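S.K.: Quick one, what's the 3D model for this:
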Amino acid sequence: MIARMLFAAVLLSAASANAQGGGVVQSMEGKPMLGIRHVAITVSDIDATVAFYARAVPYRVVSRTRLKASDFGRDLVSDPVSDLAGDVEVALVAMPTMWIQLMDFTPGRPDAPKARPVIGPGYTHICFQSPSTSSAETRFRAAGLQMVSRGDEPVDIGGYGVRYSYGRDPDGIMIENEVLDKPRRTEPAWVTHVANVVHDRDAMLGFYQRVLDTPAHRRIEQENRPKLDAIAGIDGLSIKGGWFRVGNLELEVWQYVRPKTPPPGAPRRLDEIGYNSIGFEVADLAAASARLRELKVPLVGPVVRIDGWAVQHARDPEGNLFALVAHAGGDPAFSVRQLEPTPPPAPGG
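M.R.: Just a heads-up that it's a prediction; the model follows:
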């Protein structure tokens, strides 16, 4: 029994080392989704957010605009802007493997921090990777990241050259840092995945298999691993996970079995502080929207135009928002098609 457990641990470590994404960018031409063009985050103050993150990672604003809250419609916003009379400020931040869309629904009036629980439900984090020779995790700690993980260093789960930690920014929004001994990229940091924490992993994996037209490339179930407990800051974890490769990023799906991820509550709205949606780039918005209707996926709100990009929101089975995003006259440089493909690893890397 002990031998089998040790063998399983070795296999798990090897699989984990090979499944970190690594910032790999691959073409998705011919698939329904070309990639994850952006992750949208509602923040209390865009300038403060940019100032915080720029101290640790290459966080560069490439566009900034204002829209009316009424552009989003009543199904996408909640009580603080329910009259739909105010402005919404939107900034697009460039990272080496994707874009981050910052949204402020009360510009000029900072909101209180809001910490979404580690166990969800909902989008709980994006992941920054960086080389161990110049760790973004170290820079984030120096900038004042409020650590969720235990200890003064990122956690080494299996000795395979990747170490992990969770922490929260000044808005209470959680990020993951992965520190790599053998990175495949040369930038100071890059984003590799976005995590959706759900109360039914298998149902959500089935949903995204249909939406993305591709199966999850990896599934795991783990429990009673103290080093995992140290990352999440929760004792006695039992978790299930699954991953999809979506061109430039991975979509990570977690279910906490112990303590249990709560079932979804009210459908998510865009104006709640935290991660509000994932933007999947598509070549043809009308065709992609029709395909979702055929799959019985509910579309939400009107098509919104943001800096020459058309955005149609939809909901997953647990009420989380995602979006179809298509070029509509804006800068084509802000397309996943323009991301540089990742070179193959060096021999022995």
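S.K.: switch to C-alpha atoms for all contacts and neighbour counts from now on
M.R.: Fine.
S.K.: How many residues are close by residue 96?
M.R.: 20 (other C-alpha atoms under 10 Å).
S.K.: Would you confirm that it contacts residue 190?
M.R.: Yes: in terms of C-alpha atoms under 8 Å, residue 96 counts as a neighbour of residue 190; the distance is 5.6 Å.
S.K.: Torsion angles phi and psi at the residue lying closest to residue 156 once chain neighbours are set aside?
M.R.: In space, residue 156 comes closest to residue 163 once its chain neighbours are excluded; the distance is 4.5 Å by C-alpha to C-alpha, 6 or more residues apart in numbering. Geometry field for residue 163 lists phi and psi as phi -120, psi 150, criterion degrees, to the nearest 10.
S.K.: what's the answer for the one 10 residues further on, then?
M.R.: Note on residue 173: backbone dihedrals following degrees, to the nearest 10 are phi -80, psi 130.
S.K.: State the distance from it to residue 289.
M.R.: Using C-alpha to C-alpha, to the nearest Å, one gets 30 Å for the distance from residue 173 to residue 289.
S.K.: Compare those two and say which is more crowded by neighbours.
M.R.: Taking residue 173 and residue 289 together and counting by other C-alpha under 10 Å, residue 173 has the greater number of neighbours (23 against 20).
S.K.: Let me see the contact set for residue 67.
M.R.: The contact partners of residue 67, by C-alpha atoms under 8 Å, 6 or more residues apart in numbering, come to 87-90, 306.
S.K.: So it belongs to a helix, correct?
M.R.: No: secondary structure assignment places residue 67 outside any helix; it is strand (DSSP: H, G, I helix; E, B strand; the rest coil).
S.K.: Residues in a beta bridge with it, which ones?
M.R.: The partner list for residue 67 in beta bridges (DSSP bridges) reads residue 88.
S.K.: again, but for residue 38
M.R.: As assigned using DSSP bridges, the partners bridged with residue 38 are residue 99, residue 279.
S.K.: what sits against it?
M.R.: Contact criterion C-alpha under 8 Å, 6+ apart gives 98-101, 278-280 as the residues in contact with residue 38.
S.K.: could you dump the residues you listed to CSV with distance to residue 271, pLDDT and neighbour count?
M.R.: Compiled in CSV, the contacts of residue 38 are given as follows (distance: C-alpha to C-alpha, whole Å; pLDDT from 0 to 100; neighbours: other C-alpha atoms under 10 Å):
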residue, distance to residue 271, pLDDT, neighbour count
98, 22, 97, 25
99, 19, 98, 24
100, 16, 98, 21
101, 13, 98, 24
278, 14, 98, 25
279, 16, 98, 25
280, 19, 98, 23
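S.K.: Out of those residues, flag the one nearest to residue 321.
M.R.: For those, the minimum distance to residue 321 (C-alpha to C-alpha) is 7.1 Å, reached by residue 278.
S.K.: Looks like that closest one contacts residue 36 (just checking).
M.R.: Yes: at 7.0 Å, residue 278 and residue 36 qualify as touching, with contact defined as C-alpha under 8 Å.
S.K.: Remind me which helix or strand residue 165 belongs to.
M.R.: Here residue 165, judged by DSSP states H and E, is contained in strand 162-168.
S.K.: how big is the angle separating whichever helix or strand comes after that strand from strand 162-168?
M.R.: Moving toward the C-terminus from strand 162-168, the next helix or strand (DSSP H and E) is strand 174-180. Relative orientation of strand 174-180 and strand 162-168, computed by axes from the mean of the first three to the mean of the last three C-alpha atoms, to 10 degrees: 160 degrees.
S.K.: after strand 174-180, next one along is what?
M.R.: Note on strand 174-180: by DSSP H and E, the next helix or strand toward the C-terminus is strand 190-197.
S.K.: quick one: low-confidence ranges for the stretch 51-200 of the chain?
M.R.: Along the stretch 51-200 of the chain, segments meeting pLDDT under 70 span 79-85.
S.K.: if I pick the spatially most central residue of the chain, what's in contact with it?
M.R.: With distances taken as C-alpha atoms, centre = their mean, the chain has residue 194 as the residue nearest its mean C-alpha position (2.1 Å). For residue 194, the contact set (C-alpha under 8 Å, 6+ apart) comprises 39, 123-127, 249-252.
S.K.: among those, which two are most distant?
M.R.: Spatial extent of the contacts of residue 194 (C-alpha to C-alpha) is set by the pair 124 and 249 at 15.7 Å.
S.K.: Angles on the backbone of residue 229, please.
M.R.: Geometry field for residue 229 lists phi and psi as phi -60, psi -40, criterion degrees, to the nearest 10.
S.K.: burial count for it?
M.R.: 17.
S.K.: how much space between it and residue 145?
M.R.: Using C-alpha to C-alpha, one obtains 19 Å as the distance from residue 229 to residue 145.
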